[in-house]
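Undergrad: I would like to see how this sequence folds:
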Amino acid sequence: MQCMLRWNRKDADLDDDNDFMLFHYYKDDNTFKLVGAIQGVVGIDLPQLLESYGRHFYKYAYSRGYDRMMKTLGRDFVSFVQNLDLLHSLLALTYKGMRPPQFRCERKNNKLLVHVYTVRPAMYPVAVGTLKEVAKELFDTEIEMELVERLTGQIFESKFCEHVIFDVKVIGVDRGMGINVSNNRNCSVVLDKGIRPEDLDHYMDNQMVSLPRRSLHLAIPYSVIFNENMHILGAGLHLKTLCSDLGKTNVKFNDVFEIKEPSVTLSFTNIMNCSNTYMYFFLQMKPRKGINNVEEECPLLRGHMVPLENRKHIAFLGSPFFEGISDLLASTCYLNNIPQDQITMEIMFMNEQRRADVEMSKKLDETTASMKKLANALEEEKKKTDTLLYDMLPVKVADQLRDGQTVSAEKHECVTILFSDIVTFTNMAAKCEPIQIVDLLNELFMRFDNLSTEYDVYKVETIGDAYMVVSGVPESIADHAQRIATMGLGMVAETERVISPVTGSPIQIRVGIHTGPVVSGVVGTRMPRYCLFGDTVNTASRMESHGVPGRVHVSCSTYQKLIGTEYDLEPRGEVEIKGKGLMNTYFINGKSTNAMSLQIPDDSTVRDIGVSDTTDTTNLQHDKVTDRIPFTNSHQENASPSAMITKEKRENMKGEVKSSLCLIL
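TA: Numbers count the residues shown, from 1 in each chain. Below you'll find the predicted structure:
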């Protein structure tokens, strides 16, 4: 699921490094990009996907601690829907930039119609999924919401609104939904069990309390009364102070005020449809042009619309609305302008504290996301550091250093070391541009590095054109000589693909190999290096410097390790080695197709020991290398005369092999 989410975010062109934060506002464009990417994976249409999201959103809100708040919104489904706007208005104080839909229930022709108003086009399926989940989880009833009409248009000359109407039908038995279902599934609506709408109207008329308008306007200074023709009959004292037009006759309510919420046209019928709910109305005085009198600017008003006098008149009972102390300071009002019996002051002060808590939580979310991003970046840098460390040191030694352990010097009884350098490199460097030499060495050493990885040998260092590798350290292995021999043959073959910038022909290298004991250890602290010490290192270097271009030159000790393997060995004879005197050395010509099979001889087989005429392919340990390093007769023809293996030399080599094996056995 995490991989799918990460793929969806990348497919939606969103930053995969950042987390979604609870108190951060995201644009709808990003939401639709993510929804579109998910739609391409799950393969369902957009309305169905958004409806599924709406169902999930209810569960998410329920699990985030809003369960108790939702349970108090109404005793039935109708009351719940009517009071959703109140919940949204409270949440808007916390979540800045929130643009929730608005809901209104209408009873028409024995049906329950739910009106959804939203300024976010095509998002109404989310509300459908949420309401279906509410009916199922809170009221234990399955419902269907059939789309009746979908209207779009401009309201208040500033906001685009989509108005969607649904016919709500109950599937099965009504369990406290506030909907009575007949056999044909048409819904007739009641507000509560045993109470019909007409009974409620009669009940409300009988319980109406008479109150003089002057007393009402004094008690509620931000009140307005208007009739079914929208003519204002009276206004509160504070409102008259803020707008002198309210004291005149034949002034219409919608000429003075504009409605901010809910998203309905300001008409008597629409207000009456919303009057039986706890829905808040937010009103704002319209700007008055061409008038220079010093009237104070009216703040945003929040209140309820209450039907009066046999539902022929409506009273707006409200008060100034401020989200916090900063809004109050920015206005022309003071605390004494807010009625003391209103909860505006309590909400304002509580919201100020809440705003501080939310800001703290937002910063905490941002810091957590930033820390996670830094942790990921640190992990990437750590991987790069580990890669560099493993390139500089053997894995075993690097792990010890990473764990803070001290790496002690070790003595290794038998390892094989290889040295190589480029023939006539000094002359070549004198005739080329420095960048050409750098490019040449980069290409050559990159090929060598690939070989060292393939044959699992350790590159100790490179100095100038010299390249040094070893096998058998820090952990001892049995076939260290074979690995280095194969490495040397591969290096000679790879140089044929590297062109000299001076001659335009492939370059040549000398390769020297020696086997013996060494001491290894880590030298340095700021830039640790894994170094080898001992006469074996010096002898391997002498094998290289006294070698022949294009040949792999090995010492007698390495030769002893390679006897009986698949390598084609040629005796060179005694060679004067600087600092060593005369030494018997050998060339490796490649991998022979007639490899020797080393067996424990008896009296009848000692005299027959030599290079066999046939080779069992099951004894070849490096068939892959044999295929990619073709040391054929054509290669030998291009070598110097001393490098060619004659029949006589092969017979001499067989004799030496027999003598050596007899001595060993």
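Undergrad: And the pLDDT at the residue nearest to Ala466 when sequence neighbours are not counted?
TA: If the residues on either side of it in the chain are set aside, Ala466 comes closest to Asp421, at 4.8 Å by Cβ to Cβ, 6 or more residues apart in numbering. For the C-beta atoms, the positions are set from N, CA and C on the backbone; glycine is no exception. Looking at Asp421, its pLDDT is 94.
Undergrad: Would you mind confirming that Asp421 is in contact with Ile463?
TA: No - between Asp421 and Ile463 there is no contact under Cβ atoms under 8 Å: 9.3 Å.
Undergrad: Comparing those two, which residue is more hemmed in?
TA: Asp421 (19 against 9; other Cβ atoms under 10 Å).
Undergrad: Helices along the stretch 301-450 of the chain, start to end?
TA: 325-330, 344-392, 395-402, 425-431, 434-455 (DSSP state H, counting those that start in this stretch).
Undergrad: any idea how far Asn584 lies from Asn229?
TA: From Asn584 over to Asn229 the distance is 123 Å, taken as Cβ to Cβ, to the nearest Å.
Undergrad: ok, those two, which is more surrounded?
TA: Using other Cβ under 10 Å as the criterion, Asn584 and Asn229 rank with Asn584 on top: 13 against 9.
Undergrad: Any idea what the more buried one is bridged to?
TA: Glu574 (DSSP bridges).
Undergrad: surely it meets Leu569?
TA: No - if you go by Cβ under 8 Å, Asn584 and Leu569 don't touch, sitting 11.8 Å apart.
Undergrad: in stretch 139-151, what's buried?
TA: Residues Phe139, Thr141, Ile143, Met145 are the ones in stretch 139-151 that count as buried (16 or more other Cβ atoms under 10 Å).
Undergrad: Do I have it right that Val42 meets Leu49?
TA: Yes - with contact defined as Cβ under 8 Å, Val42 reaches Leu49; the gap is 6.9 Å.
Undergrad: Pick out whichever of the two has more residues nearby.
TA: More neighbours surround Leu49 than the other of Val42 and Leu49, with 19 against 11 (other Cβ under 10 Å).
Undergrad: Verify the assumption that the more buried one is located in a strand.
TA: No - read with DSSP: H, G, I helix; E, B strand; the rest coil, Leu49 is helix and lies in no strand.
Undergrad: Surely Glu259 is in a strand?
TA: Not quite, residue 259 is Ile, not Glu. Yes - judged by three-state DSSP, Ile259 forms part of a strand.
Undergrad: Who does it form a beta bridge with?
TA: Leu283.
Undergrad: Tell me which residues touch it, please.
TA: For Ile259, the contact set (Cβ atoms under 8 Å, 6 or more residues apart in numbering) comprises Phe156, Leu266, Phe281, Phe282, Leu283.
Undergrad: between those residues, which is closest to Leu73?
TA: Phe281 (18.3 Å; Cβ to Cβ).
Undergrad: Pull the number of nearby residues for the closest one.
TA: 23.
Undergrad: now swap in Ser505 and tell me
TA: Ser505: 9 surrounding residues under other Cβ under 10 Å.
Undergrad: now Asp76
TA: Look at Asp76: counted by other Cβ under 10 Å, it has 21 neighbours.
Undergrad: Let me know whether it touches Phe139 as I believe.
TA: Yes - counting by Cβ under 8 Å, Asp76 does reach Phe139; the two are 6.9 Å apart.
Undergrad: coming back round to it: quick one: the residue nearest to Ala466 and Pro262, what's the gap?
TA: Applying Cβ to Cβ, the value for Asp421 to Pro262 is 86 Å.
Undergrad: And His313, by the same measure?
TA: Using Cβ to Cβ, His313 is found at 21 Å from Pro262.
Undergrad: higher neighbour count, those two?
TA: Pro262 (21 against 16).
Undergrad: just checking, that one touches Arg104?
TA: Yes - counting by Cβ under 8 Å, Pro262 touches Arg104, with 6.8 Å between them.
Undergrad: so which of the helices of the stretch 301-450 of the chain comes closest to Gly303?
TA: helix 344-392 (10.1 Å).
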